[in-house]
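>>> below are the sequence and a predicted model; questions follow.
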Amino acid sequence: MTTRSVEHEITVEAPAAAVYRLIAEVENWPRIFPPTIYVEHLERGEGEERIRIWATANGKAKNWTSRRTLDADNLRITFRQEVSTPPVAAMGGTWIIEPLSGDSSRIRLLHDYRAVDDDPQGLKWIDEAVDRNSRSELAALKTNVELAHASEEITFSFEDTVWIDGSAKDAYDFVNEAGLWVERLSHVASVRFSEDTPGLQSLEMDTLAKDGSTHTTKSYRVTFPHHRIAYKQVTLPALMTLHTGYWTFTENESGTAASSQHTVVLNTENIAGILGPEATVADAREFIRGALSTNSRATLGHAKDYAENKR
């Protein structure tokens, strides 16, 4: 079997320990790495963990489970996919963080991999995916690490919740069945929805704003029946550089709490062009929160009606 080994590196203006921490804390990955949609811990022990990752590779959404060994003393993290997704037969590697000075460091990302049946076309596909993802991951990591000490006011999260006199499953079904939203939600003009892999969805839709304009967004969604749907927007409105979130459905004996959570990073360069030359970061935050909350509350309201009518 042919094993291919490759290395990518980048230099960042940040202390090595801070860089290590960002990579070690996987819950940050959807914010740091463009290909990553969602990550969850399956097991956690002393210096060892199992994680499940949902990410895009060459424009296709995939998921896999990896084991990681964390070595904080030597600023190294090794990883190995447990079960790889074809055409990948095996995949692993190491993050190595090297201090260059007190406030700069080198990040080295090593990969080793094999293709199913040593297929040359499969190996070529993996070569391209690893190269593209490694470059985008390292560039994004550089940007995010170097911005870590910048103003936190451009990153914010918020949540809307409605109480439903019905089951979590019925409310979940309404949000899960996004392919039907054009018939069910007045603010959705059109939908392109697919779920080629169960639990991993692609959702592209045109939504109507209050002023009558139409906005196209694309998201990848990861579903956990019947309690959570996590998503990452990959086609973004001009005022955002990041938008991730999740829908949650928590049932008890008296009903269901259905929530929509958003995390946003503002694109400050576009504030003046969209909201006017006098607009501030606070204005942009209020605008974004208003727009996203309006749509979330509309969807949650319809989910409430759907679930309560199902009783």
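That came in fine, so what should we check first?
>>> which residue ranges of the protein form helices?
16-24, 29-32, 120-147, 168-176, 181-184, 271-275, 281-310 (DSSP state H).
>>> nearest to L200, of these?
With CB to CB as the measure, helix 168-176 is the member of the helices of the chain nearest L200 (12.3 Å). To be clear about C-beta, it is placed using only N, CA and C from the backbone, and glycine gets the same treatment.
>>> which neighbouring elements make contact with the closest one?
strand 228-235, strand 240-252, strand 255-266, helix 281-310 (3 or more CB pairs under 8 Å, 6 or more residues apart in numbering; DSSP states H and E).
>>> state the distance from W125 to R4.
From W125 across to R4, the span is 12 Å (CB to CB, to the nearest Å).
>>> rewinding a little: which one of the helices of the chain lies nearest to V234?
Per CB to CB, nearest to V234 of the helices of the chain: helix 29-32, 10.7 Å.
>>> list the contacts of the closest one.
With contact meaning CB atoms under 8 Å, 6 or more residues apart in numbering, helix 29-32 is reached by 22, 36-39, 53, 140-141, 144, 232, 242, 244, 263, 265.
>>> quickly list the domain ranges of this protein.
Residue ranges of the domains in the chain are recorded as 4-147, 152-310, according to automatic domain parsing.
>>> dump the ones you listed into a markdown table; add mean pLDDT and mean neighbour count as well.
Formatted as a markdown table, those follow (pLDDT from 0 to 100; neighbours: other CB atoms under 10 Å):
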| stretch | mean pLDDT | mean neighbour count |
| --- | --- | --- |
| domain 4-147 | 93 | 17 |
| domain 152-310 | 94 | 17 |
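>>> and the closest residue to T65 other than its chain neighbours, how far from H302?
Once flanking residues are discounted, T65 sits nearest to E82: 4.5 Å by CB to CB, 6 or more residues apart in numbering. Using CB to CB, E82 is found at 39 Å from H302.
>>> same question for A18.
Relative to H302, and taking CB to CB, A18 is found at 43 Å.
>>> list the contacts for A291?
The contact partners of A291, by CB under 8 Å, 6+ apart, come to A209.
>>> for W95, give me its contacts.
I23, R76, I77, T78, F79, I107, R108, L109, L110.
>>> identify, from the contacts of helix 29-32, the entry nearest to V222.
Using CB to CB, Y38 is the member of the contacts of helix 29-32 that sits closest to V222, with 4.6 Å.
>>> hang on, the earlier thing: as CSV, the contacts of W95 with distance to K169 would be great.
Listed next are these as CSV, based on distance: CB to CB, whole Å:
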residue, distance to K169
I23, 37
R76, 44
I77, 38
T78, 40
F79, 35
I107, 44
R108, 47
L109, 41
L110, 44
